[in-house]
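Q: I would like the atomic coordinates for the input below:
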Amino acid sequence: MGLKLASPPLRLMLPLFILIGGVLALLFVLFVARPYLLFLTDSNARTEISYSVNRLQGSLEYLLLRGDLQGVQREVAATSMRRYVKHLIVLDDKERVLASSRLADRGQEIERLNLHLPASFLAEIKRSGGLSFYDSPQENTIYGAAPVRLPDPAEARQSSRGLLIIEVDTRLLGNNLLGRIDNFFLWIAGFILVSAFLVWYAGERLVNRRLKRIMAGIGDLEAGRYHAGVELEGRDELGQIATALNRLASSLHCSRRELENQIQLFDGVMSHMPALVSIVTEENEFLYVNPRFREFYGNDPVAAKLSIRRYFPEQISGRHEQLNAQVLAKGGAMQLHLTTSYAGRETTWFMIKFPIMDGDRRAVCTVSLDITEQETNEQLVVLSRRIFENTSEGIVVLDDKSRIVEVNASFARIYGSSKEQLVGKRIDLVDPRLGSPALIKEVDSALAEEGRWQGDLDCRRSDGSVYPARLSVSSITDNDGRVSGFFAIYQDISAEKQAEASLQELAYFDALTGLYNRASFKLQLQQALERLKRYDEHFAVLFIDLDRFKEVNDSFGHERGDQLLEQVASRLKHLLRELDIACRLGGDEFTVLVPHVNEAEQLGVIAGRLIDAISEPYSIDDQELRIGCSIGIVVAPKDGDESDLLMRNADAAMYHAKDCGRGRYAFFDSQIDDRNRRRMQIKNGLRLARQREELSLVYQPEVDPLTGEVGIYEALMRWYSNEIGAVSPVEFIAVAEESDLIEELTEWMIEQVAKDCQQAPLKACKISINLSTRQFQSESWLRQIKTAVSNGFIDPERFCIEVTESALVEDFSRANLQLQTIKKLGIAVAIDDFGTGYSSLSYLKRMPIDYLKIDRSFVADIGQDPDDQTIVETVIVMAHALGLKVVAEGAENEEQVAFLTANRCDLIQGYYYARPMNLHDLAQQAENN
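A: Okay, the predicted model is just below:
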């Protein structure tokens with residue numbers, strides 16, 4: 001026997017774990033945390049030096065270039081204000097101090113300064129031309145040095161090199177924190193040691209003694225002494241364990257008594273059971289037989305300790321052994337009919353065998369009932385019963401008092417109840433519709449004349465629902481010809497009726513959403529108008545158009561679009577009242593007829609709820625989709641008393657809601673009608689504008705403020721309609737974006753720019769064009785530009801594409817892929833109106849961008865709003881850091897231009913330099929210059 005190590009007592013485990021934790025914490029501090037903090041401190045110091053030197057280099061070189069030594073001293077003094085900077089000096093090319101954080105050092109040679117820098121370090125910096133570091137552990141400092149370009153008075157275009165040296169105190173950057181951390185962890189270790197002792201002492205006093213009582217109680221349970229109990233008070237965990245043990249002891253005691261009662265009950269049942277019961281082991285040895293078994297076979301095999309093979313004849317024993325093996329292998333019950341011959345008597349048994357599991361011991365219980373006399377009679381009934389039970393029609397047998405004698409499974413299924421619940425009840429109580437006097441009279445008359453009746457009627461199920469049925473009733477007569485009952489056959493014809501209803505539904509309901517279709521809504525609207533004329537019942541119509549639904553269809557396919565429409569319809573049904581009528585006109589257009597309208601505020605609440613509900617995210621095939629809706633509202637008779645007029649005005653109000661920003665509702669008024677007519681005029685005129693040659697281009701220069709040269713000409717579209725006059729781009733571009741006209745306009749612009757750039761004023765200039773957000777949903781513009789480049793109509797080096805931030809936000813991956821293709825052709829890319837949309841540095845970093853255009857709203861308030869000045873400065877610095885050029889839009893006065901020039905803005909566009917001009921005016925301006 002091997003030795004077993006005793007487990008340590010539980011009362012010592014917790015203090016031991018606390019002690020081990022304290023030791024591990026100290027080791028972690030000494031060998032991991034402290035070295036890592038030293039590394040972080042040194043890295044932080046070098047980072048701070050790099051930041052300070054890089055910032056100072058540019059500022060000092062600029063000031064030195066201007067000869068502003070006082071500015072250099074101020075910059076050095078400002079940087080020296082940081083408490084960790086010990087010394088900051090600027091040396092000229094002869095290593096004399098030009099500026100220093102200590103005024104006394106100015107003009108001194110570097111050898112006279114209290115610096116611990118080797119001469120080789122300074123010489124190495126001048127050769128390398130970059131930032132270098134030198135550690136001085138005895139001073140707890142780090143030196144950083146970098147060269148500085150100095151202007152040469154003798155040669156205007158020549159420069160020499162000086163040095164910028166900064167000394168940083170590493171202790172102030174974090175080393176003094178190490179001592180505090182060491183003391184902190186020493187206090188923690190001491191606290192852990194004291195806690196371990198206190199936990200052990202408290203466990204010994206409060207836990208161990210009470211555990212002994214609990215263990216004693218467990219010993220009593222193992223010995224079967226259920227009445228002993230554990231005498232332990234308290235509401236803590238040990239007290240709860242003691243209470244649970246006492247309850248367990250009481251439960252075991254009750255279980256024992258119940259088991260004894262069950263055994264007595266089992267003996268009583270087995271004694272009076274008419275069936276033969278036996279239990280045999282897996283080895284086919286008898287364990288138990290009931291009195292009926294002993295009576296039938298004449299002796300007790302259990303008392304004689306006999307097996308099946310020794311007790312029964314070979315033919316019977318072999319069959320039983322085979323069946324017992326099958327039951328044990330199957331692990332479930334088995335029913336069978338078995339005919340045996342014993343002592344010259346042939347008997348038919350209905351036999352049930354099932355396994356009994358007692359741990360690893362297995363046995364088979366056999367229950368045998370003598371059915372010899374019943375077998376013959378049952379065989380005669382089986383065929384008729386099988387037909388009765390398996391027919392698909394419901395069958396009910398009634399006596400002469402209309403009480404149910406028997407039903408088949410089909411009727412129970414149709415009625416929605418069990419056979420036991422139906423048998424014995426009057427048929428008119430099961431279905432009151434069958435108790436109608438008129439129906440009873442009709443059935444009795446048919447039965448008296450023909451002996452049968454058939455007809456269609458609505459029957460009731462157990463849950464109260466009604467279903468259509470075809471019922472056949474026949475009389476049952478006895479040998480004397482008297483009626484002893486009735487025979488009824490039910491056929492559920494719901495499917496037949498549903499087919500008829502489906503044909504009706506296809507005519508009046510939308511097949512996709514289940515809402516009323518257009519034809520039904522026209523009928524409902526006409527009925528509402530009739531009620532308005534007859535009863536003065538006011539009503540309203542809400543015209544709903546989904547926003548951005550076309551993008552869902554284009555991006556995810558029509559199948560998901562249909563699923564989205566189904567969910568929209570479901571939300572409409574859920575939100576609307578029962579008396580409200582919702583309809584799908586077609587596509588993504590819905591209408592709601594709201595009767596009994598009293599106040600306009602009520603309609604606003606309904607429309608607001610619909611907008612909020614439809615704007616919630618949709619989950620389709622694990623894909624989250626978002627759309628919105630715009631709603632136009634009309635009220636009858638105020639906004640019309642004819643169906644066509646109401647629908648036309650509701651459509652106009654809806655378009656007004658879209659023009660106001662989408663995702664909102666609008667009531668119809670006369671001004672909306674005027675705006676809608678104006679909008680339709682623009683839309684219709686714009687379709688013919690290209691054919692009528694009403695479109696034109698103007699060009700506005702983007703000027704370099706330092707040289708006065710034009711860097712880029714921006715092409716801007718203009719439209720003068722012969723019917724409605726000059727139309728603002730704000731108007732006609734918005735209308736074009738809502739339809740496919742924007743693609744046609746962009747196609748015309750690219751063709752016109754390709755022609756104009758071949759003419760003298762623009763022949764050597766770079767030209768930019770604006771693309772709408774809608775354009776990025778297709779690639780037609782991209783194909784056209786590729787064709788123009790390949791045919792030589794456009795020089796890609798002189799072409800630029802301007803896009804707004806919203807084009808990047810709506811579908812970043814598609815826009816990025818298209819712009820990458822443009823960049824491969826050599827065409828530049830600009831972000832227009834930067835700062836007015838969803839500005840994101842991640843887009844600027846990941847997109848192929850060359851220019852950043854600051855929106856005119858920030859430029860307009862330069863000189864008046866300090867916040868706008870700060871924004872412009874920040875954007876310029878950020879863009880230059882990312883390698884982008886900056887264009888400022890909307891500069892109109894000298895103060896704005898001076899500010900942008902001082903902040904190194906690359907190009908400026910605005911009326912200060914020139915208004916947008918056509919090609920002819922550009923040519924004249926070029927001749928005058």
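Q: tell me the strands beside the host helix or strand of residue 168, with direction?
A: Element membership for residue 168 (DSSP states H and E) is strand 159-169. Here strand 159-169 has these sheet partners by DSSP bridges: strand 85-91 (antiparallel), strand 141-151 (antiparallel).
Q: gap between the longest one and the chain center?
A: On the basis of C-alpha atoms, centre = their mean, to the nearest Å, strand 141-151 is displaced by 54 Å from the centre of the chain it belongs to.
Q: buried stuff in that strand?
A: Within strand 141-151, the residues that qualify as buried are 141-148, 150-151, counting by 16 or more other C-beta atoms under 10 Å. Quick note: C-beta positions are derived from backbone N, CA and C, even for glycine.
Q: and for the strand holding residue 168, what's in contact with it?
A: With C-beta atoms under 8 Å, 6 or more residues apart in numbering as the test, strand 159-169 has contacts from 45, 48-49, 52-53, 56-57, 60, 79, 84-93, 95, 98, 115, 117, 122, 125-126, 129, 140-152.
Q: try it again at 7 Å.
A: Contacting residues not belonging to strand 159-169 are listed as 45, 48-49, 52-53, 56-57, 60, 84-93, 98, 122, 125-126, 140-152 [C-beta atoms under 7 Å, 6 or more residues apart in numbering].
Q: tell me the average confidence for that strand?
A: The average of the pLDDT scores along strand 159-169 is 77.
Q: please, which helix or strand holds the residue nearest to the spatial centre of the chain?
A: Nearest residue to the geometric centre of the chain (C-alpha atoms, centre = their mean): residue 624, 5.6 Å. Using DSSP H and E, residue 624 maps to strand 623-625.
Q: would you mind identifying the next helix or strand past that strand?
A: Taking DSSP H and E, what comes next after strand 623-625 is strand 628-636.
Q: helices and strands around that following strand, which ones?
A: Applying 3 or more C-beta pairs under 7 Å, 6 or more residues apart in numbering; DSSP states H and E, one finds that strand 628-636 contacts strand 539-547, helix 600-615, helix 643-659, strand 665-667.
Q: dump those to JSON lines, plus distance to residue 494 and mean pLDDT.
A: Compiled in JSON lines, the helices and strands packed on strand 628-636 are given as follows (distance: least, C-beta to C-beta, whole Å; pLDDT from 0 to 100):
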{"stretch": "strand 539-547", "distance to residue 494": "35", "mean pLDDT": "93"}
{"stretch": "helix 600-615", "distance to residue 494": "34", "mean pLDDT": "89"}
{"stretch": "helix 643-659", "distance to residue 494": "37", "mean pLDDT": "87"}
{"stretch": "strand 665-667", "distance to residue 494": "43", "mean pLDDT": "90"}
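Q: and among those, the most buried is which?
A: Counting by mean count of other C-beta atoms under 10 Å, strand 539-547 has the highest mean neighbour count of those, with a mean of 24.
Q: contacts for that strand?
A: Taking C-beta under 7 Å, 6+ apart as the rule, strand 539-547 contacts 528, 532, 568, 588-595, 597, 603, 607, 610, 627-636, 646, 650-651, 653-654, 662-663.
Q: after that strand, next one along is what?
A: With elements assigned by DSSP H and E, the helix or strand that comes after strand 539-547 is helix 549-556.
Q: one step back: switch the strands paired with strand 159-169 over to JSON lines; also include distance to residue 332 and mean pLDDT.
A: What follows is those, written out as JSON lines (distance: least, C-beta to C-beta, whole Å; pLDDT from 0 to 100):
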{"stretch": "strand 85-91", "distance to residue 332": "88", "mean pLDDT": "82"}
{"stretch": "strand 141-151", "distance to residue 332": "83", "mean pLDDT": "81"}
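Q: out of the ones you listed, nearest to residue 744?
A: strand 141-151 (55.8 Å; C-beta to C-beta).
Q: residues making contact with the closest one?
A: Taking C-beta under 7 Å, 6+ apart as the rule, strand 141-151 contacts 45-46, 49, 53, 57, 60-61, 64-65, 86, 90, 92-93, 117, 122, 125-126, 129-136, 159-170.
Q: just the C-alphas of that strand, formatted as CSV.
A: This file holds the C-alpha atoms of strand 141-151, laid out as CSV (Å, rounded to 0.1, in the frame of the first residue of the first chain):
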residue,chain,number,x,y,z
THR,A,141,20.0,63.8,-16.8
ILE,A,142,19.6,63.1,-20.5
TYR,A,143,21.0,65.5,-23.1
GLY,A,144,19.4,65.9,-26.5
ALA,A,145,21.1,67.8,-29.3
ALA,A,146,20.2,68.7,-33.0
PRO,A,147,21.6,71.0,-35.6
VAL,A,148,20.0,74.4,-36.4
ARG,A,149,20.4,76.2,-39.7
LEU,A,150,21.8,79.7,-39.3
PRO,A,151,21.6,82.4,-42.0
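Q: got the contact list for residue 788?
A: By C-beta under 7 Å, 6+ apart, the residues touching residue 788 are 750, 754, 794.
Q: give me the subset of those lying in helices.
A: Among the contacts of residue 788, the members found in helices (DSSP state H) are 750, 754.
Q: neighbour-wise, which of the contacts of residue 788 leads?
A: Highest neighbour count within those: residue 794, with 23 neighbours (other C-beta atoms under 10 Å).
Q: please report the distance of the nearest residue to that one once chain neighbours are set aside from residue 715.
A: Excluding the flanking residues, the one nearest residue 794 by C-beta to C-beta, 6 or more residues apart in numbering is residue 788, at 4.3 Å. Separation of residue 788 from residue 715 (C-beta to C-beta, to the nearest Å): 14 Å.
Q: swap in residue 394?
A: Here residue 394 is placed at a distance of 81 Å from residue 715 (C-beta to C-beta).
Q: where do the strands sit along the stretch 651-800 of the chain?
A: In the stretch 651-800 of the chain, the segments counted as strands under DSSP state E, counting those that start in this stretch are 665-667, 695-703, 710-721, 725-727, 766-770, 799-804.
Q: where's the fourth one relative to the chain centroid, distance-wise?
A: Going back to what we said before, that points to strand 725-727. 47 Å.
Q: that strand pairs with which strands?
A: Partners of strand 725-727 in its sheet, by DSSP bridges: strand 710-721 (antiparallel).
Q: report the angle between the strand it pairs with and strand 766-770.
A: Compare the direction of strand 710-721 with that of strand 766-770 by axes from the mean of the first three to the mean of the last three C-alpha atoms, to 10 degrees and you get 40 degrees.
Q: got the contact list for strand 710-721?
A: Residues from elsewhere that reach strand 710-721, judged by C-beta under 7 Å, 6+ apart: 685, 689, 694-704, 726-727, 729, 732, 745, 749, 753, 762, 765-769, 800, 907, 909, 916.
Q: if we use 8 Å, what do you get?
A: 685-686, 689, 694-704, 726-727, 729, 732-733, 745, 749, 752-753, 756, 762, 765-770, 800, 802, 851, 887, 906-907, 909, 916.
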